[in-house]
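Chemist: turn this into a structure:
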Amino acid sequence: MLQTLPAGAWVVFALSYLVQPTADLAIYGRLWKLPLSGFAALLRKTAINEVVLGYGGEIFLYFWARGRPNVVQAPFASVKDVAILSALASNLLTLVMLAYSAPRLSQLHLAQHLGPALWVGVGLVTLSLCILVFARRVFSLPRTALAYVAAVHALRLLAVSALTVLLWRLALPAVPLASWIHLLTLRLLVSRAPFVPNKELVFGNLVLLLVGADAPVAVLLASLALAWLAAHLLVLTVLGAGDAIRALRLRSTRAAS
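Modeler: Next up is the predicted model:
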């Protein structure tokens, strides 16, 4: 299926991949005055979140920032607030999309396939919005910074959603737009399930179960899930290799001196 994708679909794929770290750069560039060189760390954060475990990337970013006190001061409050606002924005979008797609999704018997994880995810989506009631106690950043971060997250979610649907439409233009929107809702819902790594693979496999392994839509989404995983692993491998090369050069320099 991936071999038949038009070139424009791969451009959309690349743009979609870069939305998250670009949004992070916009956020931390303002909060921390993070230079463009920090983009590699934000790429790694995105890959860790998707491949290892949700919010594992935030833990990595926190320790990365702590190791650079000349660049970042008191990183915990920023990382915490940005992560909370990201979750709130994602949950709000999920609820809006669920309101639109609920009649269609109710016909798919999702509980049989996702089990308790689905209902835990739905519960977290709803309950997390209660954080807004206690915002003054939860958040550490000033209101102007919180408003900026929330706006960036909103734009990021809209961009990722639009690019995702565009990618699917470019690959299978015969599928109705409404069907893609329902699948986008399902993808958002799966993404809210806690403690689930490789959520793209979970989503792709779930679609395989729902519509059948031979359906073009299922084949496409499963193939794209593998492409996402490959992209994340490539980022981690390239960045890890770069770190190893720099460490070897530093050792050689110290040995020579």
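
Chemist: need the pLDDT of residue 257.
Modeler: For residue 257, the pLDDT comes out at 67.

Chemist: wait, I meant residue 41
Modeler: pLDDT, residue 41: 94.

Chemist: got phi/psi on residue 20?
Modeler: Per-residue torsions, residue 20: phi -60, psi -50 (degrees, to the nearest 10).

Chemist: tell me how far it lies from residue 224.
Modeler: 16 Å (C-beta to C-beta, to the nearest Å). For the C-beta atoms, the positions are set from N, CA and C on the backbone; glycine is no exception.

Chemist: now do residue 18
Modeler: Relative to residue 224, residue 18 is positioned 16 Å away (C-beta to C-beta).

Chemist: the two: which is more packed in?
Modeler: Ranked by neighbour count (other C-beta atoms under 10 Å), residue 18 and residue 224 place residue 224 first, with 22 against 15.

Chemist: how about the contacts made by the residue nearest to the more buried one when sequence neighbours are not counted?
Modeler: Leaving aside its chain neighbours, residue 224 sits nearest to residue 204 (7.0 Å; criterion: C-beta to C-beta, 6 or more residues apart in numbering). The contact partners of residue 204, by C-beta atoms under 8 Å, 6 or more residues apart in numbering, come to 218, 221-226.

Chemist: keeping just the C-alphas, turn stretch 239-254 into PDB.
Modeler: The C-alpha trace of stretch 239-254 is given here as PDB (Å, rounded to 0.1, in the frame of the first residue of the first chain):
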ATOM      1  CA  LEU A 239      20.100  11.200  17.100                       C
ATOM      2  CA  GLY A 240      21.600   8.500  19.200                       C
ATOM      3  CA  ALA A 241      24.300   7.900  16.600                       C
ATOM      4  CA  GLY A 242      25.000  11.600  16.600                       C
ATOM      5  CA  ASP A 243      25.400  11.600  20.400                       C
ATOM      6  CA  ALA A 244      27.800   8.700  20.200                       C
ATOM      7  CA  ILE A 245      29.900  10.400  17.500                       C
ATOM      8  CA  ARG A 246      30.100  13.600  19.600                       C
ATOM      9  CA  ALA A 247      31.100  11.600  22.700                       C
ATOM     10  CA  LEU A 248      33.900   9.800  20.800                       C
ATOM     11  CA  ARG A 249      35.200  13.100  19.400                       C
ATOM     12  CA  LEU A 250      35.200  14.600  22.900                       C
ATOM     13  CA  ARG A 251      37.100  11.600  24.300                       C
ATOM     14  CA  SER A 252      39.600  11.900  21.400                       C
ATOM     15  CA  THR A 253      40.100  15.600  22.100                       C
ATOM     16  CA  ARG A 254      40.700  15.000  25.800                       C
END
